[in-house]
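S.K.: need coordinates for the following:
(2 chains)
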Protein chains: 2
Amino acid sequence: MKQANNHEKFSENFKQIPKSFIREILNVAGSDKMISFAGGLPNPDYFPIEALKHSAGVVFQNNGVEMLQYAGSRGYLPLRQWIANRYNKKYQLSIQAENIIITNGSQQAIDVIGKMFVNRGDDVLVEKPTYLGGIQALSAYSPRFLETSLNSDGPNIVETGRIFEENDVKLMYAIPNFQNPSGITYSEEKRIKLASLLNDHKVLMLEDDPYNEICFDQKCAKPVYAYAPEQVFWTGSFSKMVAPGLRMGWVVIPDGLSAYFERAKQSVDLHSNNLSQHIIYHFLVNNDIDQHLKTIRNAYARQCALMQQLIERYMPHNVHYTKPRGGMFLWLKLPYKIDAYELVERTMKQNVVFVPGSSFFVSANGQSNIRMNFSNASDDKMEEGIRIMASELKTMIYQSEELLLL
Amino acid sequence: MKQANNHEKFSENFKQIPKSFIREILNVAGSDKMISFAGGLPNPDYFPIEALKHSAGVVFQNNGVEMLQYAGSRGYLPLRQWIANRYNKKYQLSIQAENIIITNGSQQAIDVIGKMFVNRGDDVLVEKPTYLGGIQALSAYSPRFLETSLNSDGPNIVETGRIFEENDVKLMYAIPNFQNPSGITYSEEKRIKLASLLNDHKVLMLEDDPYNEICFDQKCAKPVYAYAPEQVFWTGSFSKMVAPGLRMGWVVIPDGLSAYFERAKQSVDLHSNNLSQHIIYHFLVNNDIDQHLKTIRNAYARQCALMQQLIERYMPHNVHYTKPRGGMFLWLKLPYKIDAYELVERTMKQNVVFVPGSSFFVSANGQSNIRMNFSNASDDKMEEGIRIMASELKTMIYQSEELLLL
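M.R.: The predicted structure is shown next:
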């Protein structure tokens, strides 16, 4: 039988994956001149290069054969035990190494969980807005996306409950800490209420938590997982704690499901990078990770505060912004239905880039929103970038007001 | 709406992924006492630990920030250029870095290509037998598997042509060099004829080629890709050239499709491990890789020959085996419909393990076949293992003959 040309052969699921504005921008933003608020790039000033280099030397010396050979699909046991211990101590939980599988960043966990559970047309509930990479990974399974509104303290619980009542939700995907893109954090009360809904309706949740350790406050709320451990896959990442180029994350898996996750993980890439697992483990147990994290938190908290000050100083007063207590992003709402895509087209000509909000919705929303990364730019560049954004924004507002007067 | 319990929520696609006997055995085979012919484990004696350690030190020193940060989804450009150059020189091709994307071992390329092209029920043609990891990765897209017979010089071309005529084959998955599990290699003539079929019928092929550099002969045939570059995704791997724990492979992509592969790769894990990419690149350009490969090839050729001698010496004469010209496996056919699962149950009690053949078929076949890895065991252990296998096999044959006499 004669076949179509290659471009006509893409699977129906593949066609659902949206392009990533961010990743395309990253290709452009590679240039040194560019001031980027676009990516979720950690500040490289805090990469522990020397310590990781030392750890690499030691593990090559001591574990060379083991770490260069094929390994089990679940990941390096001491590293999984370390993660379990840290969480258990931090949140008074009783996670076992058995519950943890190492992944290529937490992004891979989203894909694998999609593979495990999502049939074409299944209802998947996401936040409004949500992480683009989550939309991309889950879109490849062609779900029917539903959305629940976010307030500054988390999802609208009444609305979420109604969605669970009225639909057959297979999976909820959400980011309760320092949400990407909005920067908001769920209150303890909302976490407990959401967990209760998950338990009552037996809905699975993917609690994506890559910024867990980048909490500016002294004390952070327990994860939703703590209140619904049978329903929640809880992901974590070394990308923000250590470095993203190592592509190391993990997922805490409800009892009885690890063997299934393992089978799906096997099918996609056999197992995670063994070298990075050994290096990170050695780094974690031979350095003061809490001191390291304190440095990052303080730096990001300062950068976050600076960005807010600069927005106040340069932007029109009717630009609204969120006030994150952690993570790497804040979220702007532009006035007068100003189109964020038009704004970025203008600022890119002056080497300033950010991500327009519409990338973060599974529906047509966010046209006047912007996600701003505050962790990557230097103080000077941050000021220059926001000044340029503000100036172009004012021009656009002036032009739109002119139109209104005609 | 009330939901089912977690185990009832698996996707229809996930349920198609078969378990891996090999991976489960690897968990058992971790014990030092075990003589394993099961995994596809490279011989760790040839891991270039010192050279990789040195490269790691240098790249941390010189490229620390770059390699620890997020990076593009296609992979490290100099590494992609190195791969293109090597293939172009070896086979007189004109592959560009643009055609290459770095993956987490070649396993990930199988998953991503499945994601890109395979709809539920699409016809996917595989060899009979074929690589279990390929079956696992592709099963997750619920294709209708078709099979084509393998002879000692490659697939039956008449049968393959008829399958293309009579079905709407979306993708052919095959391993022309030192096939896993059979050890056979396609002749140049069959490669050309197969390419011609692919071109005529506009069928896509995934040419899985992880053992490309483990060719015992002086000269190896060109890949099928060389004769049908518009139809063939051609994967490669550093697992056998350098070390598998680094989880680094790549795929050569037909013109015009790299951007699509990139989008699917993004959705599954953003990008491949940056540290391993930098280390491998530095290792490749600062060491005599051809000398390194010559050492591995000579060692594996010797081990392969030894295994054949030991089979001749210990096994009954009506045990048939293939004579690989490269790679890491040979393939046994037991006489009298002896059940390979029963044999492995017996030998495991004496700490000898191998993979029964039925794992390598999408149909009910291979019950009396065995895949034998020859690269991992020492000479002494190989002899002891084969002696034990032969002894148990003889007992089983004796018992089956007894039954026939009754």
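S.K.: quick one: the strands in chain A?
M.R.: Ranges of strands in chain A, per DSSP state E, are A:35-36, A:100-103, A:123-128, A:144-151, A:154-155, A:169-174, A:204-208, A:232-237, A:249-252, A:320-321, A:329-333, A:352-353, A:355-356, A:369-373.
S.K.: okay, those, which one's buried deepest?
M.R.: strand A:100-103 (a mean of 28; mean count of other C-beta atoms under 10 Å in any protein chain shown). All C-beta atoms are positioned from the backbone trio N, CA, C, and that covers glycine.
S.K.: now for that strand, which elements pack on it?
M.R.: In this structure, strand A:100-103 packs against helix A:77-91, strand A:249-252, helix A:258-269, with contacts taken as 3 or more C-beta pairs under 8 Å, 6 or more residues apart in numbering or on different chains; DSSP states H and E.
S.K.: partners of the shortest one in the sheet?
M.R.: Sheet neighbours of strand A:249-252, with direction, are listed as strand A:100-103 (antiparallel), strand A:232-237 (antiparallel) (DSSP bridges).
S.K.: so A:Lys321 makes contact with A:Lys333?
M.R.: Residue A:321: Tyr, not Lys. Yes. The pair A:Tyr321 / A:Lys333 is scored as a contact, 7.5 Å apart, by C-beta atoms under 8 Å.
S.K.: out of the helices and strands packed on strand A:100-103, which is closest to A:Val353?
M.R.: Ranking the helices and strands packed on strand A:100-103 by proximity to A:Val353 (C-beta to C-beta) places strand A:249-252 first, at 25.9 Å.
S.K.: what's next to the closest one, contact-wise?
M.R.: A:75, A:80, A:83, A:87, A:95, A:99-109, A:112-113, A:210, A:225, A:232-239, A:261 (C-beta atoms under 8 Å, 6 or more residues apart in numbering or on different chains).
S.K.: swap the cut-off to 6 Å and go again
M.R.: Outside strand A:249-252, the residues that touch it by C-beta atoms under 6 Å, 6 or more residues apart in numbering or on different chains are A:83, A:95, A:99-103, A:105-106, A:109, A:233-237.
S.K.: same question for stretch A:288-307.
M.R.: Outside stretch A:288-307, the residues within contact range by C-beta under 6 Å, 6+ apart are A:Tyr46, A:Glu213, A:Phe216, A:Pro324, A:Phe374, A:Ser375.
S.K.: again, only using 8 Å
M.R.: A:42-43, A:45-46, A:48, A:213-216, A:240-241, A:283, A:324, A:326-328, A:330, A:372, A:374-375, A:377, A:379, A:382, A:386.
S.K.: list the buried ones in that stretch?
M.R.: Within stretch A:288-307, the residues that qualify as buried are A:Ile289, A:His292, A:Leu293, A:Ile296, A:Arg297, A:Tyr300, A:Ala301, A:Gln303, A:Cys304, A:Leu306, A:Met307, counting by 16 or more other C-beta atoms under 10 Å in any protein chain shown.
S.K.: do you know how far the third one is from A:Val285?
M.R.: Which is A:Leu293. Distance, A:Leu293 to A:Val285, using C-beta to C-beta, to the nearest Å: 15 Å.
S.K.: then the fourth one?
M.R.: A:Ile296 is 19 Å from A:Val285, where distance means C-beta to C-beta.
S.K.: just give the closest residue to whatever residue of the stretch 301-406 of chain A ends up closest to chain B, not the sequence neighbours.
M.R.: As assessed by C-beta to the nearest C-beta, chain B sits closest to A:Asn376 within the stretch 301-406 of chain A, at 9.4 Å. Counting by C-beta to C-beta, 6 or more residues apart in numbering or on different chains, A:Asn376 lies nearest to A:Leu41, which is 4.3 Å off, once chain neighbours are set aside.
S.K.: residues in contact with the one you found?
M.R.: A:Pro244, A:Asn373, A:Ser375, A:Asn376, B:Gln69, B:Tyr70.
S.K.: which of those residues are buried?
M.R.: Buried, going by 16+ other C-beta under 10 Å: A:Pro244, A:Asn373, A:Ser375, A:Asn376, B:Gln69, B:Tyr70, out of these.
S.K.: may I see the residues you listed arranged in a markdown table, with distance to A:Phe145 and pLDDT as well?
M.R.: Below are the buried ones among the contacts of A:Leu41 laid out as a markdown table (distance: C-beta to C-beta, whole Å; pLDDT from 0 to 100):
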| residue | distance to A:Phe145 | pLDDT |
| --- | --- | --- |
| A:Pro244 | 27 | 96 |
| A:Asn373 | 25 | 97 |
| A:Ser375 | 28 | 95 |
| A:Asn376 | 29 | 90 |
| B:Gln69 | 31 | 94 |
| B:Tyr70 | 26 | 92 |
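S.K.: make TSV out of those residues and add distance to B:Asp153.
M.R.: Below are those laid out as TSV (distance: C-beta to C-beta, whole Å):
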residue	distance to B:Asp153
A:Pro244	47
A:Asn373	57
A:Ser375	58
A:Asn376	56
B:Gln69	48
B:Tyr70	46
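S.K.: between these, which sits nearest A:Cys220?
M.R.: A:Ser375 (17.7 Å).
S.K.: quick check: the gap between the closest one and A:Gly134.
M.R.: From A:Ser375 to A:Gly134 the distance is 20 Å (C-beta to C-beta).
S.K.: pLDDT weak spots in chain A?
M.R.: For chain A, residues meeting the criterion pLDDT under 70 lie at A:1-3, A:22-32, A:403-406.
S.K.: go again with 80.
M.R.: Scanning chain A for pLDDT under 80 picks out the ranges A:1-4, A:20-32, A:218-219, A:401-406.
S.K.: now do the domain split for it, please.
M.R.: Domains of chain A are assigned by automatic domain parsing as A:6-47+A:290-398, A:49-286.
S.K.: any chance you could map the helices in chain A?
M.R.: A:12-15, A:21-29, A:49-68, A:77-91, A:105-117, A:132-139, A:157-166, A:188-201, A:258-269, A:274-286, A:289-314, A:340-348, A:379-405 (DSSP state H).
S.K.: let's have the ones you listed in JSON lines, adding distance to B:Gln399.
M.R.: Converted to JSON lines, the helices of chain A look like this (distance: least, C-beta to C-beta, whole Å):
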{"stretch": "helix A:12-15", "distance to B:Gln399": "50"}
{"stretch": "helix A:21-29", "distance to B:Gln399": "62"}
{"stretch": "helix A:49-68", "distance to B:Gln399": "41"}
{"stretch": "helix A:77-91", "distance to B:Gln399": "41"}
{"stretch": "helix A:105-117", "distance to B:Gln399": "43"}
{"stretch": "helix A:132-139", "distance to B:Gln399": "53"}
{"stretch": "helix A:157-166", "distance to B:Gln399": "60"}
{"stretch": "helix A:188-201", "distance to B:Gln399": "56"}
{"stretch": "helix A:258-269", "distance to B:Gln399": "35"}
{"stretch": "helix A:274-286", "distance to B:Gln399": "43"}
{"stretch": "helix A:289-314", "distance to B:Gln399": "60"}
{"stretch": "helix A:340-348", "distance to B:Gln399": "76"}
{"stretch": "helix A:379-405", "distance to B:Gln399": "79"}
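S.K.: any idea which of those helices is most buried?
M.R.: Sort those by mean neighbour count, taking mean count of other C-beta under 10 Å, and helix A:105-117 sits at the top with a mean of 27.
S.K.: distance from the chain centre to it, please.
M.R.: Centre-to-centre, helix A:105-117 and its host chain are 13 Å apart (C-alpha atoms, centre = their mean, to the nearest Å).
S.K.: over to stretch A:56-73?
M.R.: 29 Å.
S.K.: again, but for stretch A:348-367
M.R.: That offset, for stretch A:348-367, works out to 16 Å (C-alpha atoms, centre = their mean).
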